[in-house]
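Novice: Sequence first, then the predicted structure:
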Amino acid sequence: MEPSPLEHVDENWQRALVVVAHPDDVEFGAAAAVARWTGQGKEVVYCMVTSGEAGIDAMHPDEARRVREAEEIESARIVGVDVVEFLGLPDGIVEYGVPLRREICAVIRRHRPEILVTGNFHDTWGGSTPNQPDHIAVGRATLDAAGDAGNRWIFTEQLTDGLQPWGDVRQVWAAGSPQAGHAADITDTFDRGVASLEAHRAYIDGLGWENFDPAEMLEGQSRPAGSRLGVTHATTFEVHSRTWGD
């Protein structure tokens, strides 16, 4: 059966917040879309829930934290993102629940985005390959924190020094979801997405991927998605509306 066509995501917005579990999560798929949006003059902020310090077997977590944060800041710069926050939760053992919702809610209230972008939070990537637990926890918590942020009676301790509730998150987009029905055209920014992934050299080398080709890997995702969108390259998103009637 032919894959169903994808719809263009709504790009009528100015501020987005990207919340993912690890450095490199954005770069393995969505960074080229971020480059598209910053090129349109939109403001995009990154929030990494962990610093990926448990991701390199041969490197002590204290060193890996420093290296991976630096790589993420550089990869963000390549696609036009100037602000990267690290929440510092422990890599590999992030748990879904109220404490995680609280952390993400505070970030939403500070940055006041119209669009939230996170990663796939389903149990698998669409087949038998299981998703990583941190991805699932962070994605689910981000979806829920979008509602928490607008309710002044949830996490009231955050509402000090002028910080106010923020209930204007219009949509939450899960990049790379197996249930994606929307996409962004990244034909013109594909190469910047590749460069952004290449900036994670220590992490890629630490995985032992000697023959890993970032362009080839990303093309394997972006060309089929592009075909469904009617363009050369695309990044897919599962869109969750936060407004009534959509």
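Specialist: Looks like it came in fine. Numbering: from 1, shown residues only.

Novice: pLDDT averaged over stretch 141-160 - what is it?
Specialist: Looking at stretch 141-160 alone, the average pLDDT works out to 98.

Novice: List the contacts of it.
Specialist: Contact with stretch 141-160 is made by 19, 96-97, 100-102, 104-106, 108-109, 116, 118, 121, 164-169, 172, 174, 240, 242, as judged by Cβ atoms under 8 Å, 6 or more residues apart in numbering. For every residue, glycine as well, the C-beta is placed using N, CA and C.

Novice: Same check on stretch 178-189?
Specialist: Residues from elsewhere that reach stretch 178-189, judged by Cβ under 8 Å, 6+ apart: 4, 6-9, 11, 32-33, 35-37, 39, 79, 120, 122, 124-127, 173-174, 193, 222, 225-226, 228-229, 231-239.

Novice: Looking at those residues, which are in helices?
Specialist: For the contacts of stretch 178-189, the ones inside helices are 32, 33, 35, 36, 37, 39, 193, 222, 225, 226, 228, 229, with DSSP state H as the criterion.

Novice: before we move on, the earlier item: which among the contacts of stretch 178-189 count as buried?
Specialist: Using 16 or more other Cβ atoms under 10 Å as the burial test, the contacts of stretch 178-189 include 6, 9, 32-33, 35-37, 79, 120, 122, 173-174, 193, 222, 225-226, 228-229, 231, 233-239 as buried.

Novice: who touches residue 241 in this structure?
Specialist: If you count contacts by Cβ under 8 Å, 6+ apart, then residue 241 has 170, 171 around it.

Novice: Which phi and psi values does it adopt?
Specialist: Residue 241 has phi and psi values of phi -80, psi 140 when expressed as degrees, to the nearest 10.

Novice: Next one: it from residue 9, what distance?
Specialist: Applying Cβ to Cβ, to the nearest Å, the value for residue 241 to residue 9 is 12 Å.

Novice: quick one: least confident helix or strand in the protein?
Specialist: For the chain, using mean pLDDT, DSSP states H and E, the weakest element among its helices and strands is helix 201-206, scoring a mean of 91.

Novice: pLDDT value on residue 209, please?
Specialist: The score at residue 209 is 82. That number is its pLDDT.

Novice: which sections of the chain are below the confidence cut-off?
Specialist: By pLDDT under 70, the weakly predicted segments of the chain are 1-2, 244-246.

Novice: ranges for the helices of it?
Specialist: Under the criterion DSSP H, the chain carries helices at the ranges 31-39, 61-78, 98-111, 133-148, 190-198, 201-206, 214-229.

Novice: tell me which strands and helices the shortest one is in contact with?
Specialist: Under the contact criterion of 3 or more Cβ pairs under 8 Å, 6 or more residues apart in numbering; DSSP states H and E, helix 201-206 touches helix 61-78.

Novice: just the first one next, same as before
Specialist: With contacts taken as 3+ Cβ pairs under 8 Å, 6+ apart, helix 31-39 sits against strand 43-48, helix 61-78, strand 182-185, helix 190-198.

Novice: Dump those into TSV; add distance to residue 214 as well.
Specialist: Listed next are the helices and strands packed on helix 31-39 as TSV, based on distance: least, Cβ to Cβ, whole Å:
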stretch	distance to residue 214
strand 43-48	19
helix 61-78	11
strand 182-185	19
helix 190-198	4
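
Novice: so residue 174 makes contact with residue 235?
Specialist: No. In this structure, residue 174 sits apart from residue 235 without contact. The criterion is Cβ atoms under 8 Å, and the distance is 11.5 Å.
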